[in-house]
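K.L.:
just to be clear, the model below is a prediction. Sequence and coordinates:
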Amino acid sequence: MRNVDAISIRSSGTAAHKVEAELRRAIVTLALPPGTRLSEQEIAERHGVSRQPVREALIGLARTRLVEILPQRGTIVVKISVRKMMEARFVREAVETAVARRAAAAFDPAARHRLDDLLQLQVSAAERGEHETFQRYDEMFHMALAQGAGCGLAWQAIADIKAHMDRACHLTLPGAMAPLVAQHRAIVAAIDRQDGDAAAEAMRVHLSEILRALPKVEAEFPDLFE
């Protein structure tokens, strides 16, 4: 009986993780825009799971403050918070500039080849105008950077909070993909030169891109922001 219970718990956890990841992606890409009311039953039916893993997924999203669970009213996707975005950017800058500096000191060769592959995939996605695909490769680039520098845990530490930046970043992508690729190339070039100061500065400039774009997207999409 204990074995059956253990298998049930693992299966629920796996399903919950998958549902949470897919809902997070839909929220970040604004396929589920702020104000959307989420139904446990509808999500369960769509994903072919019971309501329990859906409930666990929504609790996870509430923990990262992407949704709000309201008693007697259900679960709603929250609006984009500029304050939370700025906090997330502050933490990301602190962590990822340190990662870039460490990468310049020593970087795994296999991960270095992975960066080249991801840059090319970003270029191709930009040329096709595929914003969601570009954003996925952008995330994979930053993850590969942390892993290549030997600090994959640093990426895990910011994976949740960065979602608060990602929704606003998604709004800026139509005109920003080429500059973002150039910024990624600048980070890699500094790492190749083993110039820690330049790598950290290139990362800081890259993560500040949203600050320059924010006033425009706020004015263009006021209903999406708090």
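P.N.:
Sure, I can see it. Numbering: from 1, shown residues only.

K.L.:
residues touching residue 199, list them.
P.N.:
Going by Cβ atoms under 8 Å, 6 or more residues apart in numbering, residue 199 touches 100-101, 103-104, 187, 190-191. (Each C-beta comes from the backbone N, C-alpha and C, glycine too.)

K.L.:
which one of those sits closest to residue 203?
P.N.:
residue 100 (4.1 Å; Cβ to Cβ).

K.L.:
and whichever helix or strand that closest one is part of, what's buried?
P.N.:
Following DSSP states H and E, one finds residue 100 within helix 82-105. The neighbour-count check on helix 82-105 (16 or more other Cβ atoms under 10 Å) flags 84-85, 88-89, 92-93, 95-104 as buried.

K.L.:
for that helix, packing partners?
P.N.:
Counting contacts by 3 or more Cβ pairs under 8 Å, 6 or more residues apart in numbering; DSSP states H and E, helix 82-105 packs against helix 131-148, helix 152-159, helix 163-172, helix 177-192, helix 196-207, helix 209-220.

K.L.:
please report the distance of residue 80 from residue 98.
P.N.:
Separation of residue 80 from residue 98 (Cβ to Cβ, to the nearest Å): 27 Å.

K.L.:
just for the protein, where's the confidence low?
P.N.:
Where the chain drops to pLDDT under 70, the residues are 1-13.

K.L.:
can you say which of the helices and strands packed on helix 82-105 is packed in most?
P.N.:
helix 163-172 (a mean of 22; mean count of other Cβ atoms under 10 Å).

K.L.:
any idea of the angle that one forms with helix 196-207?
P.N.:
70 degrees (axes from the mean of the first three to the mean of the last three Cα atoms, to 10 degrees).

K.L.:
and for the nearest residue to residue 148 once chain neighbours are set aside, the neighbour number?
P.N.:
The spatially closest residue to residue 148, leaving aside those adjacent along the chain, is residue 111, at 2.8 Å (Cβ to Cβ, 6 or more residues apart in numbering). Using other Cβ atoms under 10 Å, residue 111 is surrounded by 17 other residues.

K.L.:
residue 168 touches residue 212, doesn't it?
P.N.:
No - contact criterion Cβ atoms under 8 Å: residue 168 and residue 212 do not qualify, at 11.8 Å.

K.L.:
sorry, back to before: mind checking how far the residue nearest to residue 148 is from residue 94?
P.N.:
22 Å.

K.L.:
ok, which pair from the contacts of residue 199 is furthest apart?
P.N.:
Longest span within the contacts of residue 199, Cβ to Cβ: 101 and 187, 11.0 Å.

K.L.:
quick revisit: which strands and helices lie in contact with the strand or helix carrying the residue nearest to residue 148?
P.N.:
Assigned by DSSP H and E, residue 111 belongs to helix 109-128. Judged by 3+ Cβ pairs under 8 Å, 6+ apart, the packing partners of helix 109-128 are helix 131-148, helix 177-192.

K.L.:
quick one: closest of those helices to residue 16.
P.N.:
Here helix 131-148 is closest among those (Cβ to Cβ), at 21.1 Å.

K.L.:
check contacts around the residue lying closest to residue 105 once chain neighbours are set aside.
P.N.:
In this structure, residue 105 finds its nearest non-sequential neighbour in residue 196, 6.2 Å apart by Cβ to Cβ, 6+ apart. With contact set as Cβ under 8 Å, 6+ apart, residue 196 has these partners: 100-102, 104-105, 190.
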